[in-house]
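need the 3D shape of this:
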Amino acid sequence: MNILVIGGAGYIGAHVAHDLVDKGHHVIVYDNLSSGFKENLPGNCTFIQGDILNKDKLISVLNDDIDAVFHFAAKKAASESMVDVRSFSQTNISGTINILDAMVECEVNNIIFSSTAAVYGEPEYLPMDESHPTIPVNYYGFTKLKIEELLSWYSKIHEINFASLRYFNVVGYDVKNRISIPEKNPQNLFPIIMEVLSGDREMMNVFGNDYDTPDGTCIRDYIHVNDLSVAHIGALTYLDDKNKSLCVNLGTGKGYSILEAIKSAELIVGKKVNFKISGKRVGDPQSLFTKSNLATELLDWIPQYSSLDRIMQSMWMLYKKESQNAVH
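Numbers count the residues shown, from 1 in each chain. A predicted model of the protein is given here:
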């Protein structure tokens, strides 16, 4: 197939691009490089620098006999979304409308969308499944939910098939060592732990240690990015075979606490993580985890790489190399 991966130079997109190429697809990556790196892409893909706010350019790319679109392009920092509403509206919502309109004009009917568990908001029950109420608590989650609604309407009106994949916490780096540059300015727990251990960050905060959990710190469901990529490939196959849409959660169904994550990293690296306990953050639920029974049923998907130690090993492999390169 000819596959257009929008936002394909980013963290998740680059992993998926590699796996698509390995499956024999012709991959075209479309990215504005605002947060991604060409160096992380497979050498035998086609790269086009462009923005999803440029509909004319999207149309010109989609006119090139594209069979399916993977949509990763978005602003994703939840805290930033509560301040910079306009930018999130333009990039996430208006940008997606441009993609969908370009798909309609070019008669491209399949799209795999990078959604998020942030569409659910505060958990009303655990584990969270696809029937959980969708009441986002930040504007980022709201934009993703609105995009899912857009996909549903375009599906009804224009017969576009979509796979909406609601990720929980995506972590890790490529187990085949195909990624060369880690995310810059991360805001998530695991890369921050890595930056402390590699010396790029002096210290990190643990926000709250008196939650009603075994060690007092928040519990989250972490999914290895390679497992996530496998689900994307499965979603492409599903759309192609079944000719109908789906919406599924992607997680492991198991939660790890912040202190468990820190301890795992310390064992893998052989160093202590310098952290301090800070006050709780507003809107941080004490536990969030899912069950992915539907993804297992529809996509024949079972996570293979998402043990805590495997995640940390894959991350340290890249951060250690980055740290050594910086020294030399």
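
identify the bridge partners of residue 161.
Counting by DSSP bridges, residue 161 is bridged to residue 110.

tally of neighbours for it?
20 (other C-beta atoms under 10 Å). The C-beta positions use only the backbone N, C-alpha and C, and glycine is treated the same way.

any idea how far it is from residue 55?
In this view, residue 161 and residue 55 are 21 Å apart by C-beta to C-beta, to the nearest Å.

ok, now residue 94?
Counting by C-beta to C-beta - residue 94 and residue 55 are separated by 10 Å.

same check on residue 258?
42 Å.

picking up where we left off before, between residue 94 and residue 55, which one's more packed in?
When neighbours are counted by other C-beta under 10 Å, residue 55 comes out ahead of the other of residue 94 and residue 55, with 17 against 13.

is it true that the more buried one touches residue 102?
Yes: counting by C-beta atoms under 8 Å, residue 102 is a contact partner of residue 55 at 5.8 Å.

residues of the helix or strand harbouring residue 47 that come out buried?
Using DSSP states H and E, the element containing residue 47 is strand 46-49. For strand 46-49, a neighbour-count test (16 or more other C-beta atoms under 10 Å) marks 47-48 as buried.

for it, enumerate the helices and strands it packs against.
Helices and strands touching strand 46-49, as assessed by 3 or more C-beta pairs under 8 Å, 6 or more residues apart in numbering; DSSP states H and E, comprise strand 26-31.

list the contacts of the strand it packs on.
For strand 26-31, contacts defined as C-beta atoms under 8 Å, 6 or more residues apart in numbering pick out 1-10, 13, 17, 20-21, 41-42, 45-50, 52, 58, 61, 64, 66, 73.

among the residues you listed, name the buried ones.
If we count by 16+ other C-beta under 10 Å, the contacts of strand 26-31 have these buried: 3-10, 13, 17, 20-21, 41-42, 45, 47-48, 50, 52, 58, 61, 66, 73.

keep only those of these that are in helices.
Among those, the members found in helices (DSSP state H) are 13, 17, 20-21, 58, 61.

show me what contacts the nearest residue to residue 226 once chain neighbours are set aside?
Distances taken as C-beta to C-beta, 6 or more residues apart in numbering put residue 305 closest to residue 226, at 4.9 Å, once the chain neighbours are dropped. Residues in contact with residue 305, defined by C-beta under 8 Å, 6+ apart, are 172, 175, 224, 226-227, 311, 314.

mind picking the two most distant members of these?
Of all pairs drawn from the contacts of residue 305, the widest gap by C-beta to C-beta lies between 227 and 314 and measures 11.1 Å.

what about the closest residue to residue 48 other than its chain neighbours, neighbour count?
In space, and not counting its chain neighbours, residue 48 is closest to residue 30: 5.0 Å by C-beta to C-beta, 6+ apart. If you count neighbours by other C-beta under 10 Å, residue 30 ends up with 27.

do residue 122 as well
With other C-beta under 10 Å as criterion, residue 122 counts 11.

OK, contacts around the residue nearest to residue 249 when sequence neighbours are not counted?
Excluding its sequence neighbours, the residue lying closest to residue 249 (C-beta to C-beta, 6+ apart) is residue 290, at 4.4 Å. By C-beta under 8 Å, 6+ apart, residue 290 lies in contact with 117, 127-129, 168, 221, 249-251, 253.

check residue 59 too.
102, 105-106.

out of those, which end up buried?
102, 106.

may I see the contacts of residue 59 arranged in JSON lines, with pLDDT and secondary structure as well?
Below are these laid out as JSON lines (pLDDT from 0 to 100; DSSP: H, G, I helix; E, B strand; the rest coil):
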{"residue": "102", "pLDDT": "98", "secondary structure": "helix"}
{"residue": "105", "pLDDT": "97", "secondary structure": "helix"}
{"residue": "106", "pLDDT": "97", "secondary structure": "helix"}
